[in-house]
Structures are given as structure tokens and as C-alpha cells.
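> Dropping a prediction and its sequence here:
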Amino acid sequence: GESVGLHLPTLSVQEGDNSIINCAYSNSASDYFIWYKQESGKGPQFIIDIRSNMDKRQGQRVTVLLNKTVKHLSLQIAATQPGDSAVYFCAESPPDSGAGSYQLTFGKGTKLSVIP
Amino acid sequence: GAGVSQSPRYKVAKRGQDVALRCDPISGHVSLFWYQQALGQGPEFLTYFQNEAQLDKSGLPSDRFFAERPEGSVSTLKIQRTQQEDSAVYLCASSWGLGLAGGQGINEQFFGPGTRLTVL
């Protein structure tokens, strides 16, 4: 399949360990953030989201942390599994402008490789 | 149930040719988005439809790019006189909601597998 991971930062972790993927976002006015997982040859898949009025949100095996002071977002994956191997993107959205458009601005992505 | 589908999955064009990329959103989804993803990069927004209305085309890189959604369901992204820099994966996404910033659920964007365009 096609690789979307060329030339991307890579994080290699042992199966069962926790993974932390970081993202610096660009727009201080953004009020909604999402993490996506993209496997080779597939489109991005929603993992977890967070609004700017929160600093932490937990899902199943995943946690997103938001630090608005330094415009930093992180994704923590607990007990990483081989199926977690993919490219991970953070995405941000500005406040609703009223125009009805929901533009997502994606970060550069990080390739996660899980070592069995 | 069926997700977002795109066709063709792969397209090779000679420089100067016109291409048309098709997106079939999830049935009933109001909003439809097109993104361009260069190799090793994140997707970049191209354009947005709410039903048949194209409300935002600010991301289209040039007037060679044109998108339509005439009946508010299937959408076509057309690129005229293709150039090598147009080579990328073109992703389509759809959502139930009107595209207002929101969370998982009504406003979640579901992505198709993309069309990889290679311009020689």
C-alpha cells in the first residue's frame, strides 16, 4: 500500500509500552483539536478530540493533553499494540466563523512504529 | 454500512491532461470536504460543500481546480491542465452536520481512502 510516512518524524516503541506523540499547533485562536490516525493507503480516522476549554480528555487507551500557553497538544496511547502502527496527525479548527465552514488545519504528522 | 468511497483509487496523467476525481459521501451527509495530501505531509483543505452549495473554496490552489456537487450528494473534483506539482493524494470527507466546529458525532468528518494522482 501507499506509505504516508516518508520523511516524517518517527517514534518507535515496544509493544505494551506507552506512547506519547506531540504536536505544536499554529493558531492561538483555535478552539477545537483532533487527533487522527492514518494507516497506509487509507484516509485519516478520528481518534479523540478536545475543546480549548479543557486541558485533558481521556478515551479508550488514549489521552489528549492540551497546553494553550505554549500551543502544544499531545496524544498518549497506553499499552501500545502493533495495530497502533500508523501516522498520527493533530488537527486544529478555528472558532466557528458563522460561515458554516469547518476547515481543519493538519500538522505534519508522526509515524508510530510498534516493535512486537 | 458503506463509508466514503472515492474513485479512481489511482490515477496517472500526463502533464496537461484534465482529470476528474469522484467522491461518494456517506448517504445523508450534508457536508463534504476535499483535502490535498502531498507525500509525507498532512492533508490541506481545498473546498467545502453544504449540500449542493460550495461555501468555501479558499484552499483551491489555482483556477485549474474546480469542484462541484450538483445534487448535494456525489462530488467531483476536476483538475484542468494538470501539472507535476498536482501530484498528491486527494481526500474527500463528509459529515452529518453543517460543518460547525464540533466533536465526534454529528460533525465528525469521515474520510474516504483517497485518490492518488501522479502527473508525469
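Done, it's in. Keep in mind it's a predicted model, so treat the numbers as computed, not measured.
> From now on I want contacts and neighbour counts done on CA atoms only, so please keep to that.
Noted.
> can you count the residues close to the residue nearest to B:Ala13 when sequence neighbours are not counted?
Spatially, and ignoring its direct neighbours in sequence, B:Ala13 is nearest to B:Val119 (4.9 Å; Cα to Cα, 6 or more residues apart in numbering or on different chains). Neighbour count for B:Val119, taken as other Cα atoms under 10 Å in any protein chain shown: 18.
> any idea how far B:Val119 lies from A:Gly109?
Going from B:Val119 to A:Gly109 by Cα to Cα, to the nearest Å gives 24 Å.
> In chain B, what residue lies closest to chain A?
Scanning chain B for the residue nearest chain A gives B:Pro113, at 4.4 Å (criterion: Cα to the nearest Cα).
> That residue: neighbouring residues, count only.
Neighbour tally, B:Pro113, other Cα under 10 Å: 23.
> Equivalent analysis for A:Cys90, please.
A:Cys90 has 28 nearby residues by other Cα under 10 Å.
> What distance do you get for it to chain B?
Using Cα to the nearest Cα, to the nearest Å, one gets 9 Å for the distance from A:Cys90 to chain B.
> do A:Asp31 as well
For A:Asp31 relative to chain B (Cα to the nearest Cα), the value is 9 Å.
> cool, A:Ser40 as well?
10 Å.
> my guess is that residue contacts A:Ala86, does it?
Yes - between A:Ser40 and A:Ala86 there is a contact under Cα atoms under 8 Å: 7.2 Å.
> which one of those two has more residues nearby?
A:Ala86 (21 against 15).
> Beta-bridge partners for that one, please?
A:Leu112 (DSSP bridges).
> so who does it touch?
A:5, A:37-40, A:111-113 (Cα atoms under 8 Å, 6 or more residues apart in numbering or on different chains).
> Now do the SS call for the most centrally placed residue in chain A.
By Cα atoms, centre = their mean, chain A has its centre lying nearest to A:Trp35, at 3.1 Å. Three-state assignment for A:Trp35 (DSSP: H, G, I helix; E, B strand; the rest coil): strand.
> That one against A:Pro44, yeah?
No - judged on Cα under 8 Å, A:Trp35 makes no contact with A:Pro44 at a distance of 9.3 Å.
> For A:Thr69, grab the count of nearby residues.
7.
> Where does it sit: helix, strand or coil?
Secondary structure of A:Thr69, per three-state DSSP, is coil.
> and what of A:Glu92?
Following three-state DSSP, we place A:Glu92 in the strand state.
> What sits closest to A:Ile50 if chain neighbours are left out?
A:Phe33 is the one closest to A:Ile50 (Cα to Cα, 6+ apart), at 5.4 Å.
> Could I get the contacting residues of the one you found?
Counted by Cα under 8 Å, 6+ apart, A:Phe33 has contacts A:49-52, A:90-93.
> could you measure it against A:Gly16, distance?
27 Å.
> Then B:Leu21?
41 Å.
> Those two: which is more packed in?
B:Leu21 (23 against 15).
> what pairs with the more buried one across the strands?
Bridge pairing for B:Leu21 - DSSP bridges - gives B:Leu77.
> Now that it has come up, it's in contact with B:Leu77, right?
Yes - counting by Cα under 8 Å, B:Leu21 touches B:Leu77, with 5.1 Å between them.
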